[in-house]
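1. Quick check, what structure comes out for this input:
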Amino acid sequence: MKNKIETILSEVKQKIANIKEKNELFHLHTEFLGKNGKISTLLKDLKNLSADERPKIGEILNKCRNEVENLIKLKTEEIDNRILQEKLDNEKIDVTIPVKPYKTGTAHPISVVQRDLMKFFESRGFEIKYGNDVETDYYCFEALNVPKDHPARDAQDSFYIDPETVLRTHTSATQIRTMEQQKPPIKMVSTGMVYRIDDIDGTHSPIFNQLEVLVVDENVTMCDLKGMLEDVLKFLLGEHTQIKLRPSYFPFTEPSAEVDVTCPKCAGKGCSLCKNTGFIEMLGCGMVHPKVLERNGIDSEKYSGYAIGFGLDRMAMGRYGIDNIREFYENDINMLKQLK
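-> Numbering: from 1, shown residues only. Below is the predicted model of the structure:
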């Protein structure tokens, strides 16, 4: 049996020297160390030896098994190291090769305008508040002096979820909730998406972004409103910007005004965008209606206030000289790159 052991060990060394892949190593392990392998068979045959031979041959056979196991282990490590080195050689990065320019995104123009306006008002002591996109009919209309039979609802008809729940048509609902919870003085800004059933054209969209300003305090006048308008519009559109207030009507303000600004496309000279007037309509504003104040528990004899409603999409159009609101929503990378 001793000769058989030496022959097996010699055979293992010869075979293992020629092995290149792990699957070959697996077969060699099965051939010699498996349940019915050559070494395992010899271990079973030890019982047929005499009592004197059995310990000696058993010791030699165990040494043989251990040596075969060690040879297989070393070969496994050798193959693993070769595979790793081949992978490193094939996947290494040549740092001398020029890389493609890394494309970085920027904030959307509307988001930039929104951020700048929020910074402007925060620097003047205004509190930023966010409301719900889904609002009740009461907060969206009735609390703003627009009862169910009011004709002004036609202009702001919205997307109803049920008879008393609607996608907000303006962020004014946040102002109402603030007046319910907080007594004057109030200086706040509400911003977010608003929704109206509007035909899509160059200056209108059924979904757009709004930012509204509310100030309620003692002795607030139209002069304060006009001064704030001049400051914020020059900050946003440039010092050259001129504004013009036109009388208008909103149920929640009295008096009310539409604010026109110098046309960004022609700088006031007259063009197709401004219909040759030199000005373009930009936003609405007015003094908070006494009924709105009283409905929210604020004494209209003692307090007054003003409200401003910015359409952020139109503000962005004015700032960047865009003449079609749809360009903001078409994801045209080439157009957006120009507005960085």
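2. got the phi/psi numbers for Ile308?
-> Geometry field for Ile308 lists phi and psi as phi -130, psi 130, criterion degrees, to the nearest 10.
3. How many residues are close by it?
-> When neighbours are defined as other C-beta atoms under 10 Å, Ile308 has 22 of them. (Glycine included, C-beta is placed from N, CA and C.)
4. looking at it, it is touching Glu212, isn't it?
-> Yes. Assessed by C-beta atoms under 8 Å, Ile308 is found in contact with Glu212 at 6.7 Å.
5. Would you check the distance separating the helix or strand hosting Leu25 from the middle of the chain?
-> Per DSSP states H and E: Leu25 is located in helix 22-33. Computed by C-alpha atoms, centre = their mean, to the nearest Å, the chain-centroid distance of helix 22-33 equals 55 Å.
6. Which residues does that helix contact?
-> 8, 12, 15-16, 19, 37-40, 65, 68-69, 72, 75-76, 79 (C-beta atoms under 8 Å, 6 or more residues apart in numbering).
7. Most neighbours out of these, which is it?
-> Top of the contacts of helix 22-33 by neighbour count (other C-beta under 10 Å): Val68, with 23 neighbours.
8. residues contacting the residue nearest to that residue when sequence neighbours are not counted?
-> The shortest distance from Val68 to any non-neighbouring residue, by C-beta to C-beta, 6 or more residues apart in numbering, is to Val12 (5.1 Å). Contacts for Val12 (C-beta under 8 Å, 6+ apart) come out as 28, 32, 68, 71.
9. go on, Met222?
-> Met222 sits next to 255, 287, 306 when contact means C-beta under 8 Å, 6+ apart.
10. residues in contact with the second one?
-> The neighbourhood of Met287, defined by C-beta under 8 Å, 6+ apart, consists of 220-222, 225, 253-256, 304-307.
11. what does the domain assignment say about the chain?
-> 2-91, 109-337 (automatic domain parsing).
12. how about the strands in the stretch 101-250 of the chain?
-> Per DSSP state E, counting those that start in this stretch, the stretch 101-250 of the chain carries strands over the ranges 127-129, 134-136, 160-162, 165-167, 186-195, 207-217, 243-250.
13. What lies in contact with the third one?
-> Translated: strand 160-162. Residues outside strand 160-162 that contact it (C-beta under 8 Å, 6+ apart): 134, 166-167.
14. run the last query once more with 10 Å
-> The contact list for strand 160-162 (C-beta atoms under 10 Å, 6 or more residues apart in numbering) reads 134-135, 137, 166-167, 197.
15. and Ser300, what is it in contact with?
-> Contact analysis of Ser300 by C-beta under 10 Å, 6+ apart lists 216, 288-294.
16. confidence score at the residue nearest to it when sequence neighbours are not counted?
-> Distance criterion C-beta to C-beta, 6+ apart; nearest residue to Ser300, sequence neighbours excluded, is Pro290 at 3.7 Å. Here the pLDDT value assigned to Pro290 is 95.
17. again, but for the one 10 residues further on
-> Ser300 carries a pLDDT score of 95 in this model.
18. Just want the phi and psi numbers for it.
-> phi -70, psi -10.
19. just to revisit the earlier point, take the contacts of Met287 and lay them out in JSON lines including distance to Thr106 and pLDDT.
-> As requested, these are exported to JSON lines (distance: C-beta to C-beta, whole Å; pLDDT from 0 to 100):
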{"residue": "Val220", "distance to Thr106": "38", "pLDDT": "96"}
{"residue": "Thr221", "distance to Thr106": "40", "pLDDT": "96"}
{"residue": "Met222", "distance to Thr106": "38", "pLDDT": "95"}
{"residue": "Leu225", "distance to Thr106": "34", "pLDDT": "97"}
{"residue": "Thr253", "distance to Thr106": "36", "pLDDT": "94"}
{"residue": "Glu254", "distance to Thr106": "41", "pLDDT": "93"}
{"residue": "Pro255", "distance to Thr106": "40", "pLDDT": "95"}
{"residue": "Ser256", "distance to Thr106": "37", "pLDDT": "96"}
{"residue": "Ser304", "distance to Thr106": "41", "pLDDT": "96"}
{"residue": "Gly305", "distance to Thr106": "36", "pLDDT": "96"}
{"residue": "Tyr306", "distance to Thr106": "34", "pLDDT": "97"}
{"residue": "Ala307", "distance to Thr106": "32", "pLDDT": "97"}
